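Peer 1: Quick one, what's the 3D model for this:
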Amino acid sequence: MRYSSYVLKRVAISLVTILIIISFNFFLFRILPGDPVRLLFRNPNLTKEQIDALNRKFGLDKPLYEQFLIYVFNSLRGEFGLSFFYRKSVFDILVPRLINSIVLILPATVIAILLGMLFGVLAAWRRGDRVDVSILAVSMGLYSIPTFWLGGMFILLSIYYLHLPIGGMVTHGITHQDIFSYLEDLFSHLILPLVTLTLVLYGQFTIIMRNSLIDVLTEDYIQAALAKGLSVSRLLRKHALPNAMLPMISIIAINLGLVVGGAVLTETVFNWPGVGRLIYDAILRRDYPILQGAFYIIAVSVVLANLIADILYGFLDPRVRY
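Peer 2: Residues are numbered from 1 along each chain as shown. The predicted model follows:
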């Protein structure tokens, strides 16, 4: 009964958070400087009648409170209005870009999590020796390297040695004969951004896993288990890792929640047509509906991912729910 109350409380808090996000998302773009219509068309010869017609088309002629109510109602239904630049539904633009981002970011995140946990456990168990120092140095280095610099190095490496595609999702201007030729083309374009993003994400997972496990391994019950002659594999699997995973759940949840938000730097460097590149282009074009829709999806995904993490916390550690 206590666990169900804990879950209901977390769900209620998440719903309130989403409503706050919707409100913040609406007013954030209303206080930005500039007239969206004039910024969009950049035509000094627009007449007042033409500007009024465009404002009516995009719903900018209504009072602010009415715009807010319409926005909240439409956001809850997944309606984000019309793009200023593309002149079509934001939802129709976001969905294919969202799929493209997931194709890149989800496998990169999963691989980084698995590698980070593996090398984090190894470094924690061998703490203080050469293995630990080497893993920690590599992790800190990758965590500190700017994404655009690492991506640029891979582009140069590909131009001179690897000869892999350095931009786009597939080769433009060719017709794929079957699904296998399409997947082969897609995979060749995926390699460089996937490796770049995996290496960028790998460092933080390794460092967090290592530090968390080191804290657990210094606990008295771990030392008592070792004194009883418990095997290393059983000690790690049954006692140390379940407790060390608690901090990892939060960082994993946040990163998985951000999958739908794309990777702005990676997608921009490699011209990958995902949500991250869409956000970058929308900022340059002052396309506020696109930015509102993208930020809304990202924020809600992070809230839901953290809700799942909170529920798992309560399941793995009963102290949390109390």
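Peer 1: any weak-confidence spans in the stretch 201-322 of the chain?
Peer 2: Within the stretch 201-322 of the chain, the stretches with pLDDT under 70 are 232, 258, 260-262, 316-322.
Peer 1: For it, which segments are assigned as helices?
Peer 2: For the stretch 201-322 of the chain, the helices defined by DSSP state H, counting those that start in this stretch cover 220-227, 232-234, 241-257, 264-269, 275-285, 288-316, 318-321.
Peer 1: Going by neighbour count, list what's buried in the third one.
Peer 2: If I follow you right, that is helix 241-257. With burial defined by 16 or more other C-beta atoms under 10 Å, the residues of helix 241-257 counted as buried are 241, 243-253, 255-257. Bear in mind the C-beta positions are built from the backbone N, C-alpha and C, glycine included.
Peer 1: which one among those residues gets closest to residue 47?
Peer 2: In terms of C-beta to C-beta, no member of the buried residues of helix 241-257 lies closer to residue 47 than residue 257, at 45.8 Å.
Peer 1: pretty sure that closest one contacts residue 306?
Peer 2: Yes - using C-beta atoms under 8 Å as the test, residue 257 is close enough to residue 306 to be in contact (6.9 Å).
Peer 1: Tell me the spacing between residue 87 and residue 287.
Peer 2: Distance of residue 87 to residue 287, computed by C-beta to C-beta, to the nearest Å: 11 Å.
Peer 1: Out of the two, name the residue with the larger neighbour count.
Peer 2: residue 287 (24 against 10; other C-beta atoms under 10 Å).
Peer 1: Provide a list of residues in contact with the more buried one.
Peer 2: By C-beta atoms under 8 Å, 6 or more residues apart in numbering, the contact set of residue 287 is 40, 83-86, 281.
Peer 1: quick one, phi/psi of it?
Peer 2: Here is the backbone geometry of residue 287 (degrees, to the nearest 10): phi -90, psi 80.
Peer 1: Any figure for the gap between it and residue 197?
Peer 2: Distance from residue 287 to residue 197, by C-beta to C-beta: 25 Å.
Peer 1: what's the answer for residue 247, then?
Peer 2: Counting by C-beta to C-beta, the gap from residue 247 to residue 197 is 22 Å.
Peer 1: How much space separates the residue in the chain sticking out farthest from the centre from residue 202?
Peer 2: What lies farthest from the middle of the chain is residue 228; by C-alpha atoms, centre = their mean that is 43.7 Å. Per C-beta to C-beta, residue 228 is found 35 Å from residue 202.
Peer 1: Residue 254 too?
Peer 2: From residue 254 across to residue 202, the span is 16 Å (C-beta to C-beta).
Peer 1: Give me the neighbour count for residue 142.
Peer 2: Here the count is done by other C-beta under 10 Å, and residue 142 has 19 residues near it.
Peer 1: Phi, psi for residue 173 please.
Peer 2: Here residue 173 shows phi and psi, under degrees, to the nearest 10, equal to phi 90, psi 0.
Peer 1: can you count the residues close to it?
Peer 2: For residue 173, using other C-beta under 10 Å, the count is 5.
Peer 1: And for residue 200?
Peer 2: Applying other C-beta under 10 Å, we find 21 residues neighbouring residue 200.
Peer 1: Leaving out the residues flanking it, which one is nearest to it?
Peer 2: residue 147 (5.2 Å; C-beta to C-beta, 6 or more residues apart in numbering).
Peer 1: Ok, residue 109 next?
Peer 2: The spatially closest residue to residue 109, leaving aside those adjacent along the chain, is residue 255, at 5.4 Å (C-beta to C-beta, 6+ apart).
Peer 1: Contacts only, for the one you found.
Peer 2: Contacts for residue 255 (C-beta under 8 Å, 6+ apart) come out as 109, 113, 201.
Peer 1: Rebuild the residues you listed as CSV, extending it with distance to residue 128.
Peer 2: Formatted as CSV, the contacts of residue 255 follow (distance: C-beta to C-beta, whole Å):
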residue, distance to residue 128
109, 30
113, 25
201, 26
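Peer 1: Turn these into a markdown table, including distance to residue 69 and neighbour count.
Peer 2: Below are the contacts of residue 255 laid out as a markdown table (distance: C-beta to C-beta, whole Å; neighbours: other C-beta atoms under 10 Å):
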| residue | distance to residue 69 | neighbour count |
| --- | --- | --- |
| 109 | 37 | 21 |
| 113 | 41 | 20 |
| 201 | 40 | 24 |
